[in-house]
Every structure is written in structure tokens, then in C-alpha cells.
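In: Kindly generate the corresponding structure for this input.
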Amino acid sequence: MSTSTNKPIVSKSTQSSSPRPIEVIGCPVDFGGNLRGVGMAPTAFRLAGLVESISEQGLAIRDGGDIEVAKEKFPRKKEPPMKDIRQIYENLADRVTRSLKGRRFPLILGGDHSIAIGTIAGAARHFKNKNQRMGVLWVDAHGDMNTPETSPSGNIHGMPLAASLGEGISALVKVGGFSPKIEPQRCALVGIRNLDDAEKENIARFGVKVFTMKDIDRRGLSAVLEEAIAVASKGLAGMHVSFDLDVVDPKIAPGVGTAVPGGMSYREAHLTMELISDSKAMTSLEVVEANPILDIKNSTAQLGVELILSALGKSIY
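Out: Okay, the predicted model is just below:
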């Protein structure tokens with residue numbers, strides 16, 4: 001059942017002054033990977049006080065509820081029904097396009113990272129309809145640039161960026177009615193520390209800019225983010241931010257779909273969102289891969305709420 005409100009919640013605080021009301025869109029899918037549980041993440045974010053916390057920052061916010069996902073159509077099997085999967089992404093794309101057209105800020109809650117296929121399709125379509133271009137800042141431990149031919153697992157949550165760039169499963173590439181959705185030279189990956197061998201070849205062939213954890217260690221996060229944001233936003237009308245919670249070290253974010261040691265610290269994750277906010281370039285945001293089944297007292301969803309607040313402008317002064 002969807003959780004929604006009819007009117008935006010607006011607090012009396014004036015600490016933040018976003019020109020656009022925020023629209024929460026949940027997409028509770030978990031068929032993109034092997035582990036179930038991430039489909040419960042939108043509810044976990046709400047239980048962690050997402051809407052109330054954003055409202056307390058003086059921002060107008062409306063919870064538009066969740067994209068409908070018929071769970072009975074997605075049993076645990078190797079090849080889920082692609083027709084039904086595509087329809088979910090199409091529905092998500094439509095919601096995101098309408099949100100942007102209505103001068104709202106789409107805040108999408110995953111679900112596994114495969115939802116980016118629909119999110120990026122909807123956001124890119126909005127700017128395409130206005131003869132404008134959009135970039136993508138992809139913050140993740142993984143590149144998510146596999147295709148069925150290069151993926152060791154065959155999991156769709158490892159393919160959304162490739163699909164958005166125009167390669168992969170035909171039904172997913174065509175979501176939104178056009179392809180490619182984004183240009184590789186307008187896309188930057190940050191926090192990467194786990195790539196499949198063939199996936200590296202895909203990234204090199206496309207020419208997508210990649211900033212690994214090694215880059216962050218050597219150069220510092222601020223320098224890396226400044227360059228990455230410039231790649232994903234310079235001269236463009238919009239920048240979509242796709243934030244996978246597995247970019248954070250699992251000691252801090254234990255409840256994620258695919259944990260990889262050696263990730264961002266608590267402060268690095270917040271600084272990432274704070275610098276994104278400072279850039280004033282972000283036009284949509286999705287936060288994905290929180291898995292309440294693997295979590296400890298909903299701490300990863302709570303971290304996600306804190307990071308969202310930083311991305312929306314919350315500061316210490």
C-alpha cells in the first residue's frame with residue numbers, strides 16, 4: 001500500500017529556502033539483485049522520519065507514495081518477466097517527468113539500483129522535451145555499467161548506467177521512449193572500488209569519468225567532488241544524483257544490498273552531499289540499496305535520511 005499525503009507539509013522554519021517543493025517517490029523493487037529486502041527501503045526511510053525531518057528544515061515536501069510493484073509477479077528466479085519489469089520503470093519515469101514538469105524536486109527512494117533506469121529516463125526526458133541536456137553524478141561502490149554479456153551475475157542492478165547510456169537489454173534501454181538518455185562525457189562516477197573486469201572495458205570504451213576511492217585517498221574528497229560535479233553539471237540544465245548507500249563503508253552502513261569494505265567514512269559521505277548542495281546543480285536525487293533485513297536497528301536508513309538532509313542544504317550553522 002502506498003503512503004501518501006494530499007498536501008505538501010511545510011514547516012515554519014526558514015533555515016532553508018528551496019525554490020521547489022520536494023516530492024518523495026518510493027520505488028520498492030528488489031528483483032535487480034540476488035538478495036531480497038531492499039524493496040522495503042522506502043518504508044524504512046519513512047520510519048526513520050524522512051518527511052518530518054525534511055519539513056523541519058523549512059522545506060515544502062509531499063510524499064507521493066510508492067510506485068506499484070506486484071510482488072507476486074517477481075518470485076525468486078533467474079529470469080523475471082521483463083515486460084512487467086519494464087512497466088515499473090516506465091511508471092517511475094512518468095512520475096519523475098511529471099514531478100519536474102510541475103517544478104517539483106523528485107526525491108526517489110529505492111529499492112535496488114536498477115530503479116535508476118526509470119529515474120534517469122524520466123529526468124532526461126523532461127530536459128529533452130525542453131531541448132536541454134542533463135548530466136549524472138553516480139556515487140557508488142560499483143560502476144553498474146555491465147550488460148548481459150559482461151555481467152558475471154546477470155543481475156539488473158549492475159546494469160542501469162549502461163542501459164541509460166544506450167547498451168544492454170533492449171526493453172530496458174528503450175524505457176522512456178528514447179535512447180541514449182545521457183552522454184558519457186556528462187557522467188561522473190565517484191567512490192568506485194569494485195568493478196568487474198569486462199565492466200572496466202565498457203567504462204573505458206564509453207569514456208565515462210571515474211573517481212575511485214584511491215583517487216579520494218590521494219587527492220582528497222573536496223578536489224574529487226569539485227571535478228566530478230563539473231563533469232556532470234557544467235553547461236547543462238540539470239544534474240541527477242544517484243547515491244548508492246553501499247558507497248559508505250559497511251561498518252557505518254551495514255544494511256546495504258552489496259557491501260564492499262573500504263568505503264567512505266561518515267564525514268566523507270556527508271561532505272559529498274554538502275558539496276553537491278553547495279553546487280546548486282542538483283535537480284533530482286535518488287538514494288538506493290538500503291536493505292532493512294541486513295540492517296541494525298534501521299541505522300542505514302537513518303543514515304540515508306541524514307545524508308538526504310545534507311544534500312538538501314542542512315548545515316551546522
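
In: Next one: Ile67 relative to Ala204, how far apart?
Out: 34 Å (Cβ to Cβ, to the nearest Å). Bear in mind the C-beta positions are built from the backbone N, C-alpha and C, glycine included.

In: More neighbours: the two, which one.
Out: Ile67 (24 against 10; other Cβ atoms under 10 Å).

In: check contacts around the more buried one.
Out: 25-29, 88, 91-92, 95 (Cβ atoms under 8 Å, 6 or more residues apart in numbering).

In: Isn't Phe243 up against Leu285?
Out: Yes: using Cβ atoms under 8 Å, Phe243 is in contact with Leu285, at 6.9 Å.

In: quick one, which of these two is more surrounded?
Out: Phe243 (28 against 24).

In: That one belongs to a helix?
Out: No: counting by DSSP: H, G, I helix; E, B strand; the rest coil, one finds Phe243 to be strand, located in no helix.

In: From Ile85, how far off is it?
Out: Phe243 sits 22 Å away from Ile85, going by Cβ to Cβ.

In: Touching, Ile54 and Ile61? I think so.
Out: Yes: counting by Cβ under 8 Å, Ile54 touches Ile61, with 4.8 Å between them.

In: what's the overlap in contacts for those two?
Out: Ile22.

In: Please list the residues outside the strand or helix carrying Leu303 that contact it.
Out: For Leu303, the host element (DSSP states H and E) is helix 299-311. With contacts defined as Cβ under 8 Å, 6+ apart, helix 299-311 is touched by 41, 44-45, 47-50, 53-54, 57, 107, 241, 243, 245, 248, 252-256, 266, 269-270, 273-274, 276-277, 282, 285, 287, 290-292, 295.

In: change it to 6 Å
Out: 44-45, 48, 50, 53, 245, 253, 255, 269-270, 273-274, 276-277, 285, 287, 290 (Cβ atoms under 6 Å, 6 or more residues apart in numbering).

In: any chance you could map the strands in the stretch 201-317 of the chain?
Out: 209-212, 238-244, 282-288 (DSSP state E, counting those that start in this stretch).

In: Could you dump the ones you listed into a markdown table and include mean pLDDT?
Out: Formatted as a markdown table, those follow (pLDDT from 0 to 100):
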| stretch | mean pLDDT |
| --- | --- |
| strand 209-212 | 98 |
| strand 238-244 | 98 |
| strand 282-288 | 98 |
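
In: Adding distance to Ser99, write the ones you listed out as a markdown table.
Out: Below are the strands of the stretch 201-317 of the chain laid out as a markdown table (distance: least, Cβ to Cβ, whole Å):
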| stretch | distance to Ser99 |
| --- | --- |
| strand 209-212 | 28 |
| strand 238-244 | 12 |
| strand 282-288 | 8 |
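
In: Which of those strands sits closest to Ala141?
Out: strand 238-244 (6.7 Å; Cβ to Cβ).

In: What pairs with that closest one, parallel or antiparallel?
Out: With DSSP bridges as the test, strand 238-244 is paired with strand 134-139 (parallel), strand 282-288 (parallel).

In: angle of it against helix 299-311?
Out: Here the directions of strand 238-244 and helix 299-311 differ by 160 degrees (axes from the mean of the first three to the mean of the last three Cα atoms, to 10 degrees).

In: List the contacts of strand 238-244.
Out: Residues contacting strand 238-244 (Cβ under 6 Å, 6+ apart): 113, 116, 123, 127, 134-140, 232-233, 276, 281-289.

In: can you do 7 Å?
Out: 113, 116, 120, 123, 127, 134-141, 232-233, 276, 281-289 (Cβ atoms under 7 Å, 6 or more residues apart in numbering).

In: before we move on, what about stretch 229-236?
Out: Under Cβ under 7 Å, 6+ apart, the answer for stretch 229-236 is 133-137, 186-188, 209, 239, 275-276, 279, 281.
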